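# My questions concern the predicted model and sequence given below.
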Amino acid sequence: MTPVGPRPTGGRASAPERRPRVAIDGPVGAGKSTIARLVAQRLRSTYIDSGAMYRALAWAARTHGIDPNDPSRIAALLDTIDLRLEPQLDGLNRVFVDGREITDDIRSSEISQLSSRLSEIPAVRERMVALQRAMASEGGVVMEGRDIQTVVLPTAELKVFLTASAEERADRRWLELRERGFEADLATVLSEIRARDDRDSTRAHSPLRAAPDAVHLDTSGLTIEEVVEKLLAIARERSVIP
Ligand code: DC
């Protein structure tokens, strides 16, 4: 499994200083992906969508007909597939399993729920965390997920915990699904969001939590641009960026 891809070059190639790592976590629909992608563009950093890796595994498990209740077979599957996450210069993370592009296929509700279930498996998390750390080893990344600030990159230069009300998050998710061509019922989206919130934050291994030194930002009622500007202001205040 080799998540690699082109990295935007920020500044002079000879610049020796380490570029910051920004960890953005929060529940589904808090705006993490859009905000992390825009912040990465502004910082000329690489945006990494860690959830896409769990989704790719879920897609592979479903495609190979592997029982999600069998943790050892799921972990073994992860060792045998070639899972690639390719961050693009425009911020999109293209996702491949064994050479087949599944970037759009992993966004269905079914894959959302399955990826949340598989992410509870400790052996899966251990492997994903190792891969994600390797991707951030040179700095210059904005990585988004559930355990980035607590487990994957606890020494990230900036840790941000994004939240929003469940209703607002359901509205956003519903719109996003429709834009991607998936039919969805708002009440179902809201109950699925609550189910995933519950599972993601109560699981035994690496539950969704803010780091003690995280910046908390409630995005309810804010535009995307307002959130991005707030985050960049905080990064400047903390000397994470000039
Ligand atoms: O961010 P997302 O909705 O695409 O993530 C899909 C699932 O993967 C989510 O329900 C929980 C899991 N996940 C995780 O456990 N840890 C991460 N760092 C990212 C995602």
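Sure thing, it's come through.
# where does Phe96 fall, helix, sheet strand or coil?
With DSSP: H, G, I helix; E, B strand; the rest coil as the basis, the three-state label of Phe96 is strand.
# And the nearest residue to it once chain neighbours are set aside, what's its pLDDT?
Closest residue in space to Phe96, ignoring its immediate chain neighbours: Arg84 at 4.2 Å, by C-beta to C-beta, 6 or more residues apart in numbering. Heads up, the C-betas are built off the backbone N, CA and C, glycines and all. Note on Arg84: pLDDT of 95.
# Equivalent analysis for the one 4 residues further on, please.
Here the pLDDT value assigned to Gln88 is 95.
# Kindly report the same for Pro20.
What the model reports for Pro20 is a pLDDT of 97.
# That one: what's it in contact with?
43, 45, 139-140, 156-158, 235, 240-241 (C-beta atoms under 8 Å, 6 or more residues apart in numbering).
# In terms of secondary structure, what does the lengthiest helix in the chain contact?
Secondary structure of the chain per DSSP state H: the longest helix is helix 186-202. Contact here means 3 or more C-beta pairs under 8 Å, 6 or more residues apart in numbering; DSSP states H and E; on that basis helix 186-202 packs against helix 109-118, helix 166-179.
# Quick one: list the elements packing against the first one.
It stands for helix 109-118. helix 50-63, helix 186-202.
# Ok, which of these comes nearest the ligand?
helix 50-63 (2.6 Å; C-beta to the nearest ligand atom).
# need the next SSE after that closest one, C-terminal direction.
Counting by DSSP states H and E, the next helix or strand C-terminal to helix 50-63 is helix 71-80.
# and the angle for that following helix with helix 50-63?
If you take axes from the mean of the first three to the mean of the last three C-alpha atoms, to 10 degrees, helix 71-80 sits at 110 degrees to helix 50-63.
# Begin at 649 from now on, thanks
Fine by me, first position is 649 from now on; the one you just mentioned is helix 719-728.
# Can you name the next helix or strand after helix 719-728?
Next along the chain from helix 719-728, counting by DSSP H and E, comes strand 731-735.
# so what does that following strand touch, helix or strand wise?
strand 694-697, helix 698-711, strand 741-745.
# between the ones you listed, which gets nearest to Arg765?
Proximity to Arg765 (C-beta to C-beta) singles out helix 698-711 among those, at 7.9 Å.
# Which strands or helices does that closest one pack on?
helix 719-728, strand 731-735, strand 741-745, helix 757-766, helix 770-783, strand 787-793.
# quick one: contacts for Arg821?
Arg821 neighbours (C-beta under 8 Å, 6+ apart): 676-677, 832, 837, 841.
# Of those residues - the most surrounded one?
Counting neighbours by other C-beta atoms under 10 Å, the top entry in these is Gly677, with 28 neighbours.
# burial measure for the nearest residue to Ala723 once chain neighbours are set aside, as a count.
Spatial nearest neighbour of Ala723, chain neighbours left out: Ala771 (3.8 Å); criterion: C-beta to C-beta, 6+ apart. Applying other C-beta under 10 Å, we find 15 residues neighbouring Ala771.
# Ok, Asp795 next?
That count, for Asp795 with other C-beta under 10 Å as the rule, works out to 25.
# Which pLDDT does the model give the residue nearest to Ile769 when sequence neighbours are not counted?
Nearest non-adjacent residue to Ile769, counting by C-beta to C-beta, 6+ apart: Pro719, 4.5 Å away. pLDDT, Pro719: 97.
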